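# No letters, just coordinates:
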């Protein structure tokens, strides 16, 4: 319990949180729909031909034949089409205004969920690619970065709070290797300057958090009379040690991946998802034994030295070794065709349809701790669905309708040219201008330098 | 009435020499009397009331009587004002009047901070300076005070300029004095906060700022609790450490002070509301330019607001084509092309957005949200023009006048002294030649605590800028000293009839052209801006002093700072 609230505040707090809960449930709209006659890819219970899905109050109410809805419910004819769970991206940076608080090797206190950008057009584009949930992440500038936010793509809702997936566990970004070394070691001349230094940042931070936690426990027990200073960074680290926050760690090399698992073992932390994890195939059995999961690119590497040794078979090898694996985008372009990315694992590694589709549905849901709510088409789960014109692993597949909580947020037949929600009344049009500055990932956003006349230099060749 | 005109001028003329404070800071004791009788003014006593022909008796800066039957006493200076409309003087709820913009060399500070901090910033570096009082930064002589007064303002809640927590305000009467202390109406003010990040150190982003606020709120509460716990029974424990910053924040925690939170756009408003829930402080959402998406949350939260008088500019009229053969040839390919459907659709949305911005005050009025106006982020010269644009967009005149008078007076607990023209209140007024919301109305005089300030007639001139003494047309090189590199390229100036236009190229991005905007030539100084990165709306502002074949000056780039730039003439227009 927060020590700074007195009893009066507690009452207010209760009333306030009740109001907030009411307000956010009102904000997150829930719909009714009946999807008729589609091929339903459930992920967990096989593929069901010519099957209906009934959605009530934003939840999947029934899956079966000849279902009836109450009068007034919108009926969608999905004959000849494919219905699958909404795609989940376990690594993206869309829908947030800040990515890297790159001012310290440890910034556990910051939370990108506090700077959601409801006007980001990338959210709509992701919906057009069938993605209903993304994990908006802090960047990889710091060994211990900021907290991340699982968002539902309710594009058109203007309140940033309404994008947050209520009940999704807290997550935090960690980063290994070149990025934190470059930003802090080379950039500021402080620890970490080497990979050894990165390990020490974790160890010393966790140790410091233990002392912090102890000081507060002593105060709460009445062993000390004056309250210690409140430190949000240490509070957050203590919550990680208590298992309240899931770690998602930017990583490439096998040796570092083993290093972090050793650190976590020493501090009793059990939950971790390795992100990128290009050398994961080398340590797949070790990852499986630890219970760590992996979120990878299908076939993207060699953008810097530590990402040299990679393979497109990574996802398949990890999967076959029993590691819960997902395929992510880390990009507002790639997020629009994650179903193609998943299909690549059939060419490289021969995964079957269910295994390949799990990489972008149920597995990322497990990694985000939301698999009881989303990731498959099951009775009682959130009605987050996407309807394709062809099998989603086909190169001809195009998303037709994307549904979140039973509400249609993307409809290919009603896809206006200008879907922006906020217009600058003083904006200037330049039709010659091509948005070349957008052709980059966002992993190192906010730590790049903008120079004169539009040249933007990254601190390195590539940001991941 | 017409026959009296000559006489009237004479009287006003006399009165000007005798009783009016001059603008050179004379001592006011030199005035013959502090007792005035304003005869036959069209007085709007309070928002929503009609202009009524009446007289006002002023005694030593206080309104003594209001009434149409009144007659002047022998010891009163009579002021004939029957052609003028008189309103209670305006109150600026969020102002930086009297405080100079600090011209910091941002890059230097950034590096300095970075070297000093090694990633760990103290409160000051982070932009947390609640102990700063506006009064310590105000200069009575600063021109911004007279500028604000010229627009009809008599009182301003002045906040220091700053970042996360800038400091506390001072209520300032906008008369002319030799020392700022004489202008203070109330020293006990409110606190100003914003989402402005630090440079080079934490917090560098909005997420860093928010985390820092959350920590600050908790530590302020703990600081206060510890202090009380210690005072209750100090035996056996070490005295808790003193913190200037946390001590200055305690009044917010105890709800004895309001926190004016700058939240110009709806995203800022949503974030400020979340912080309000965390802190429990009394928030006044301030400097608001666009709130539409957050309207229902503002309403249900019962917030009072300070709207910025800053409005987006109207789209510029397209330049009229001239019968200039050369120009025709030039523009044939570019301007003559009909606008595409896409372009028209974009322009329509832009226009809708502009209307939305103009309608912000209307939205508040319709939803019974209390609001005042603040000029902190606006040009004081635009205040009346912009408020009239709001009225044109549907804001009632009553609501507009309330936001300038009674509402800010109530927010600052000054309703018994300011906001309306009533017996016993402070004699601070604004005189217009026409009803104030008439587009052509101008402020003729402003009274501050019984002292009159006359707005001088501006000589009308056709040209905006001064005469051009140089001929920049032609091609010029440039070389700018930017951090880490020298930027080179070309400036090309063209003369079309009387006006100039131009563009620039960049040696590192061949084939790209950047148009010069707002190009002004004044004497031998050329000023213009270039949008260097439309995606991130980064603009470079240039000010160049020209010789015959070379020039030098500065380039100021958003979020980077000012740098030296110079260049030589390559060729004239005819080569």
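Cool, the structure landed. Owing to the predicted nature of the structure, the values given are computational and were not obtained by experimental measurement.

# make it CA atoms for all contacts and neighbour counts henceforth
OK.

# what does the domain assignment say about the chain?
Because you didn't say which chain, this covers chain A. Per automatic domain parsing, the structural domains of chain A span A:31-86+A:375-412, A:87-374.

# To clarify, I was referring to chain B.
Following automatic domain parsing, one gets these domains for chain B: B:2-89+B:419-454, B:94-117+B:126-311+B:359-411, B:474-571.

# Now for residue B:493, which secondary structure element holds it?
Assessed by DSSP states H and E, residue B:493 sits inside strand B:485-496.

# Just give me how far that strand sits from the chain centre.
33 Å (C-alpha atoms, centre = their mean, to the nearest Å).

# Buried by neighbour count: which residues of it qualify?
Buried residues in strand B:485-496, counted by 16 or more other C-alpha atoms under 10 Å in any protein chain shown: B:487, B:488, B:489, B:490, B:491, B:492, B:493, B:494.

# which one of those is nearest chain A?
Set against chain A, the nearest of the buried residues of strand B:485-496 by C-alpha to the nearest C-alpha is residue B:487 (7.3 Å).

# Hmm, the closest one is touching residue B:505, no?
No. Using C-alpha atoms under 8 Å, residue B:487 and residue B:505 do not qualify as a contacting pair, with a distance of 10.6 Å.

# Among the buried residues of strand B:485-496, which pair sits farthest apart?
B:487 and B:494 (22.5 Å; C-alpha to C-alpha).

# What backbone torsions are found at the residue nearest the centre of chain A?
Per C-alpha atoms, centre = their mean, the C-alpha nearest to the average position across chain A is that of residue A:135, at 1.4 Å. Phi and psi for residue A:135, reported as degrees, to the nearest 10, are phi -100, psi 100.

# For it, give its distance to residue B:482.
According to C-alpha to C-alpha, to the nearest Å, residue A:135 and residue B:482 sit 38 Å apart.

# And for residue B:58?
According to C-alpha to C-alpha, residue B:58 and residue B:482 sit 59 Å apart.

# In terms of neighbours, single out the busier of these two.
residue B:58 (25 against 17; other C-alpha atoms under 10 Å in any protein chain shown).

# Wait, the more buried one touches residue B:452, no?
No. Shown here, residue B:58 and residue B:452 do not form a contact pair, counting by C-alpha under 8 Å, at 11.6 Å.

# I'd like the distance between the nearest residue to the residue nearest to the centre of chain A once chain neighbours are set aside and residue A:112.
Closest residue in space to residue A:135, ignoring its immediate chain neighbours: residue A:150 at 4.4 Å, by C-alpha to C-alpha, 6 or more residues apart in numbering or on different chains. From residue A:150 across to residue A:112, the span is 10 Å (C-alpha to C-alpha).

# Repeat that for residue A:66.
Distance from residue A:66 to residue A:112, counting by C-alpha to C-alpha: 44 Å.

# More neighbours: these two, which one.
Between residue A:66 and residue A:112, residue A:112 has the larger neighbour count (other C-alpha under 10 Å), namely 29 against 12.

# give me the number of residues near residue A:424?
13.

# any idea whether it is helix, strand or coil?
The three-state label given to residue A:424 by DSSP: H, G, I helix; E, B strand; the rest coil is coil.

# Likewise for the one 4 residues further on?
Secondary structure assignment for residue A:428 (three-state DSSP): coil.

# Now that residue A:343 has come up, it's in contact with residue A:354, right?
No. Applying C-alpha under 8 Å as the test, residue A:343 and residue A:354 come out as separate, 10.7 Å apart.

# Tell me, how many residues neighbour residue B:433?
The local packing of residue B:433 (other C-alpha under 10 Å) involves 19 other residues.

# where's the nearest residue to it once chain neighbours are set aside relative to residue B:68, distance?
Distances taken as C-alpha to C-alpha, 6+ apart put residue B:84 closest to residue B:433, at 4.8 Å, once the chain neighbours are dropped. Residue B:84 sits 15 Å away from residue B:68, going by C-alpha to C-alpha.

# What of residue B:556?
Taking C-alpha to C-alpha, one finds residue B:556 at 57 Å from residue B:68.

# hmm, back to that, nearest to residue B:308, out of the domains of chain A?
Nearest to residue B:308 among those is domain A:87-374; the distance by C-alpha to C-alpha comes to 21.7 Å.

# Now the terminal residues of the closest one, how far apart.
Taking C-alpha to C-alpha, domain A:87-374 runs 10 Å from one end to the other.

# Now do the strands in the stretch 401-550 of chain B.
Counting by DSSP state E, counting those that start in this stretch, one finds strands in the stretch 401-550 of chain B at the ranges B:429-432, B:443-448, B:451-454, B:474-482, B:485-496, B:499-506, B:513-522, B:525-533, B:538-546, B:550-557.

# Quick check, residue B:226 in contact with residue A:227.
Yes. Look at residue B:226 against residue A:227 with C-alpha under 8 Å: they come within range, at 6.5 Å.

# which parts of the stretch 201-350 of chain B sit against chain A?
By C-alpha under 8 Å from any C-alpha of the partner chain, the part of the stretch 201-350 of chain B that sits against chain A consists of B:201-208, B:210-211, B:214-215, B:218-219, B:221-222, B:226, B:229-230, B:237, B:240, B:267, B:270-271, B:277, B:293-294, B:312-313, B:315, B:349-350.

# Now the buried members of these.
Applying 16+ other C-alpha under 10 Å to these flags B:201-208, B:210-211, B:214-215, B:218-219, B:221-222, B:226, B:230, B:267, B:270-271, B:277, B:293-294, B:349-350 as buried.

# From chain A, how far out is the residue nearest the centre of chain B?
In chain B, the C-alpha nearest the mean C-alpha coordinate belongs to residue B:378, at 2.9 Å (C-alpha atoms, centre = their mean). Here the criterion is C-alpha to the nearest C-alpha, to the nearest Å. By it, residue B:378 lies 16 Å from chain A.

# do the same with residue B:454
Residue B:454 is 36 Å from chain A, by C-alpha to the nearest C-alpha.

# now do residue B:85
Here residue B:85 is placed at a distance of 35 Å from chain A (C-alpha to the nearest C-alpha).

# if I read this right, that residue contacts residue B:437, doesn't it?
No. Residue B:85 is beyond contact range of residue B:437, at 11.0 Å (criterion: C-alpha under 8 Å).

# Which residue ranges of chain B form helices?
With helices called from DSSP state H, chain B shows them at B:5-19, B:106-117, B:123-126, B:143-150, B:206-232, B:244-253, B:266-279, B:295-301, B:325-335, B:341-358, B:360-366, B:383-392, B:397-404, B:406-411.

# let me fix that: the stretch 351-464 of chain A
A:353-358, A:362-367 (DSSP state H, counting those that start in this stretch).

# related to what we said a few turns ago, OK, contacts around the residue nearest to the centre of chain B?
Contact analysis of residue B:378 by C-alpha atoms under 8 Å, 6 or more residues apart in numbering or on different chains lists B:308, B:309, B:310.

# filter these to the buried ones?
Of the contacts of residue B:378, these count as buried by 16+ other C-alpha under 10 Å: B:308, B:309, B:310.

# want to throw those into JSON lines with pLDDT?
Output for the buried ones among the contacts of residue B:378, formatted as JSON lines (pLDDT from 0 to 100):
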{"residue": "B:308", "pLDDT": "97"}
{"residue": "B:309", "pLDDT": "97"}
{"residue": "B:310", "pLDDT": "95"}
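
# Out of the residues you listed, name the ones that lie in strands.
If you go by DSSP state E, the buried ones among the contacts of residue B:378 have residue B:308 in strands.

# Which one of the buried ones among the contacts of residue B:378 is nearest to residue A:220?
residue B:308 (45.5 Å).

# okay, now the nearest residue to that closest one once chain neighbours are set aside: neighbour count?
The shortest distance from residue B:308 to any non-neighbouring residue, by C-alpha to C-alpha, 6+ apart, is to residue B:287 (4.6 Å). When neighbours are defined as other C-alpha under 10 Å, residue B:287 has 29 of them.

# wait, doesn't residue B:287 sit right on residue B:264?
Yes. If you go by C-alpha under 8 Å, residue B:287 and residue B:264 touch, sitting 5.3 Å apart.
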